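> Provided below for reference: sequence and predicted model.
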Amino acid sequence: MNFIFYIALLLFILLFGSMDVNIDYDFWARIIVGKTFMQTGVLLHNDFYSFGSTHEFIDHEWGSGVIFYLVQNCFSDVGLFVFKSLIIFLTFFFIVKTIKLQNKDSKMCFLIFFFALHAISYNIFSTIRCQIFSFFFFAYFIYILEYVRIKREYRLLWTLPVLNILWLNLHGGFVVGLALIFLYASGEYFNKKPSKYYWITLGASCFTVLINPYGIKYINYIFGAFLLNRTHIPEWHSAFFGNSFENQLLKYKIFFFVAVFSYLIYLFKNILGKNFKNCVLKIDYTKYLVLFFTFAIALKSARCHPFFVYALLIYCYSEIEKFINKYKFQKPAKIIDIVLFFMIFISTLSHLYDYRFLNRVNENFYPVNSVEFIKINNLKGNVFTNFHTASYVIYKLYPNNHIYMDGRYEEVYDNSLIDNMAKFSLAEDYREFLNHYHFDILIIDKTYPKIIEELRKDKNLFLAYEEKQFCVFLPGNLINKKFIYPQKTQTDYNKEKFDTNINWL
């Protein structure tokens, strides 16, 4: 059954990975970094394609950019899809290994993983993003820490500082790994178990943070990142507080409340309902410290949801399994697992047989026709577009054009830029904004109807081109110019989506 479980898990990951094929907005900026490094051997400390206010920057995801570029350049869409699926599968492989480590007799019930995967599908199955490395290392670090805790093989702890070097050069989420080591050291101390080697490992891991292309500046940047204002970035908002996800993430919210309240009932029955003093003396502080930490960060930010779900699977699976066995749900669960397996098998084949897993630049999200319009008409100059789509725009239009800012807002740009962009999009003092930065071309998303309405009235501008989701405004002195209009199909754009003039050779 373990073999069937792993096959079902892999197929499910392939299925969900093929259902979200829109390329992440920041992916283009990442492969620009990767291409630049592979062709020149250096990391740029200053931006070369923005005309907004920039500064010397730290790229905490530079390693991810290199890997993404190499995979894309060597294996294109298929490689990116397989690579992403493999990383997600290995993440869950180590989650399962940790569960089996805690109880070798545990039987893997795919139904439990099915609900867990569904709950965070929006976060882990979106097209390849740098945080997949943090989710993987999180699962792997816990596996090593649990293995050491159970087997008393303290020599294995030396692998964590080494892996931390890799993690911190791939993604800034390495701080979660440091937090895990700290929580294990503290938990084992409170458990009155040997904790010395965990503290040594934590010290060594903290020291390895200096092993990066930026030296001590990287540490200053990471500390500063915690203080950044991310008001305009929904994924950093709470799923439960505020309006960002008021009517969204329903599957996660249901999973969250069911899991939390079920576990609270379990604790009440097994601790408060029994001899409280003896139960407190037997409590596993390490387990509950990690659960509380991941619960807190998931409550604060939607981006951290997978950490909490993974921790729940690892530390609470045995309780779930006991509940299933206690109430005689084993046979129904096995039947459901078999049914799910065949449904997933058939669905996966139907999604993969015609290459529907290939990454796409969807015209609902990207101004593909607008970019083509600018390109074929040889329109040069500064381009304003929403920071989400800006890295795609510059990937396709550099060196004839420069952008205001892209998704690297926390690394490259002055803090005022994103606030000014938000005011412009709401049509607040838009003329002052345009005059201050001197834009030659505006690509405006139709999700901002107010600014489009104002720009239509502006005598200094005119609507030169309009597509499904975007409008292109140009200076009024070009109104009599004869334009060529895009004739390519969506298929054409996807075939040439990785073509760019950014080349250092």
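Received it, and whenever you're ready, just let me know what you need.

> what about the helices in the stretch 401-505 of the chain?
Under the criterion DSSP state H, counting those that start in this stretch, the stretch 401-505 of the chain contains helices at 416-425, 430-437, 449-457, 490-495.

> How about the secondary structure of Ile283?
coil (DSSP: H, G, I helix; E, B strand; the rest coil).

> Ramachandran coordinates for it?
Backbone torsions of Ile283, given as degrees, to the nearest 10, read phi -60, psi 140.

> picking up where we left off before, with respect to Tyr154, which of the helices of the stretch 401-505 of the chain lies nearest?
Of all those, it is helix 416-425 that lies closest to Tyr154, at 46.2 Å by Cβ to Cβ. (C-beta placed from N, C-alpha, C; glycine too.)

> check contacts around Arg408.
By Cβ atoms under 8 Å, 6 or more residues apart in numbering, the contact list for Arg408 reads Asp26, Ala29, Phe57, Asp59, Ser391.

> Kindly indicate which of those lies nearest Tyr122.
The closest of the contacts of Arg408, once distances to Tyr122 are taken by Cβ to Cβ, is Asp26, at 16.3 Å.

> gap between that closest one and Thr500?
For Asp26, the distance to Thr500 equals 16 Å [Cβ to Cβ, to the nearest Å].

> Please name the residues that touch the residue nearest the centre of the chain.
In the chain, the residue lying closest to the centroid (Cα atoms, centre = their mean) is Gln131, at 4.3 Å. Going by Cβ under 8 Å, 6+ apart, Gln131 touches His171, Gly173, Arg303.

> Show the pLDDT at the residue nearest to Leu312 when sequence neighbours are not counted.
Leaving aside its sequence neighbours, Leu312 sits nearest to Ala259 (Cβ to Cβ, 6 or more residues apart in numbering; 5.6 Å). With respect to pLDDT, Ala259 scores 84.

> Dump the helix or strand encompassing Ala259 to CSV, restricted to CA.
Counting by DSSP states H and E, the element that carries Ala259 is helix 250-267. Output of helix 250-267 as CSV, limited to C-alpha atoms (Å, rounded to 0.1, in the frame of the first residue of the first chain):
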residue,chain,number,x,y,z
LEU,A,250,-12.2,28.7,1.5
LYS,A,251,-10.6,25.2,1.3
TYR,A,252,-7.7,26.3,3.5
LYS,A,253,-10.0,28.0,6.0
ILE,A,254,-12.2,24.9,6.4
PHE,A,255,-9.1,22.7,6.8
PHE,A,256,-7.6,25.1,9.3
PHE,A,257,-10.6,25.3,11.5
VAL,A,258,-11.4,21.6,11.4
ALA,A,259,-7.8,20.6,12.1
VAL,A,260,-7.3,23.2,14.9
PHE,A,261,-10.6,22.5,16.7
SER,A,262,-10.3,18.7,16.3
TYR,A,263,-6.9,18.8,17.9
LEU,A,264,-8.1,21.1,20.7
ILE,A,265,-10.8,18.5,21.5
TYR,A,266,-8.2,15.8,21.4
LEU,A,267,-6.0,17.7,23.9
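
> Next, the buried residues of that helix.
By neighbour count with 16 or more other Cβ atoms under 10 Å, helix 250-267 contains the buried residues Tyr252, Phe255, Phe256, Ala259, Tyr263.

> ok, the fourth one to Asn46 distance?
Distance of Ala259 to Asn46, computed by Cβ to Cβ: 46 Å.

> domain ranges for the chain?
Using automatic domain parsing, the domains assigned to the chain come out as 1-45+63-129+327-359, 368-495.

> For the ones you listed, which has the smallest mean pLDDT value?
Looking at the domains of the chain, the weakest mean confidence is domain 1-45+63-129+327-359, a mean of 85.

> rewinding a little: which of the helices of the stretch 401-505 of the chain is buried the deepest?
helix 416-425 (a mean of 17; mean count of other Cβ atoms under 10 Å).

> Which one's more surrounded, Asp26 and Thr500?
Asp26 (19 against 16; other Cβ atoms under 10 Å).

> State the phi and psi torsions of that one.
The phi and psi values for Asp26, taken as degrees, to the nearest 10, are phi -90, psi 0.

> With adjacent residues omitted, what lies nearest to it?
In this structure, Asp26 finds its nearest non-sequential neighbour in Gly407, 4.1 Å apart by Cβ to Cβ, 6+ apart.

> Check Gly177 too.
Phe141 (5.1 Å).

> ok, now Lys35?
Tyr69 (5.1 Å).

> From the chain's centroid, how far away is the helix or strand containing the one you found?
Using DSSP H and E, Tyr69 sits within helix 62-102. Its chain's C-alpha centre lies 13 Å from the corresponding centre of helix 62-102 when counted by Cα atoms, centre = their mean, to the nearest Å.

> which element follows that helix toward the C-terminus?
Heading C-terminal from helix 62-102 (DSSP H and E), you reach helix 110-119.

> and the next helix or strand after that next one, what other elements does it pack with?
As assigned by DSSP H and E, the chain's next helix or strand after helix 110-119 is helix 121-124. With contacts taken as 3 or more Cβ pairs under 8 Å, 6 or more residues apart in numbering; DSSP states H and E, helix 121-124 sits against helix 305-326.

> Report the distance from the helix it packs on to the chain centre.
Helix 305-326 has its C-alpha centroid displaced from the chain centroid by 23 Å (Cα atoms, centre = their mean).

> ok and that helix relative to helix 110-119, angle-wise?
Computed by axes from the mean of the first three to the mean of the last three Cα atoms, to 10 degrees, the angle separating helix 305-326 from helix 110-119 equals 160 degrees.

> ok, back up a step: wait, which of the domains of the chain is closest to Leu163?
domain 1-45+63-129+327-359 (12.3 Å).

> Give me the distance between the residue nearest to the centre of the chain and Arg149.
Applying Cβ to Cβ to Gln131 and Arg149 gives a distance of 26 Å.

> hang on, the earlier thing: quick check: the residue nearest to Lys35 vs Ile32, distance?
8 Å.

> Run through the residues that contact the closest residue to Asn503 other than its chain neighbours.
Take Asn503 and drop its neighbours on the chain: the residue closest to it by Cβ to Cβ, 6+ apart is Gln39, 7.4 Å away. Residues counted as contacts of Gln39 (Cβ under 8 Å, 6+ apart) are Asn503, Trp504, Leu505.

> I'd like to know how far Gln39 sits from Asn73.
In terms of Cβ to Cβ, Gln39 sits 10 Å off from Asn73.

> and the helix holding Ala259, what does it pack onto?
Counting contacts by 3+ Cβ pairs under 8 Å, 6+ apart, helix 250-267 is packed against helix 110-119, helix 305-326.

> Out of the ones you listed, which is closest to Pro161?
helix 305-326 (20.8 Å).

> which parts of the helix or strand that that closest one is followed by are buried?
Next in sequence after helix 305-326, counting helices and strands by DSSP H and E, comes helix 330-352. For helix 330-352, burial by neighbour count (16+ other Cβ under 10 Å) applies to Ala333, Asp337, Leu340, Phe341, Ile344, Ser347, Thr348, His351, Leu352.

> Arrange the residues you listed in TSV, one row each, with distance to Glu235 as further columns.
Below are the buried residues of helix 330-352 laid out as TSV (distance: Cβ to Cβ, whole Å):
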residue	distance to Glu235
Ala333	34
Asp337	32
Leu340	29
Phe341	32
Ile344	27
Ser347	27
Thr348	27
His351	26
Leu352	28
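
> so which of the residues you listed comes closest to Phe373?
His351 (32.8 Å).

> residues in contact with that closest one?
Leu14, Leu15, Ser18, Met19, Phe357.

> Neighbours of the first one, how many?
As a burial measure, Leu14 scores 22 neighbours (other Cβ under 10 Å).

> What values do phi and psi take at it?
phi -60, psi -40.
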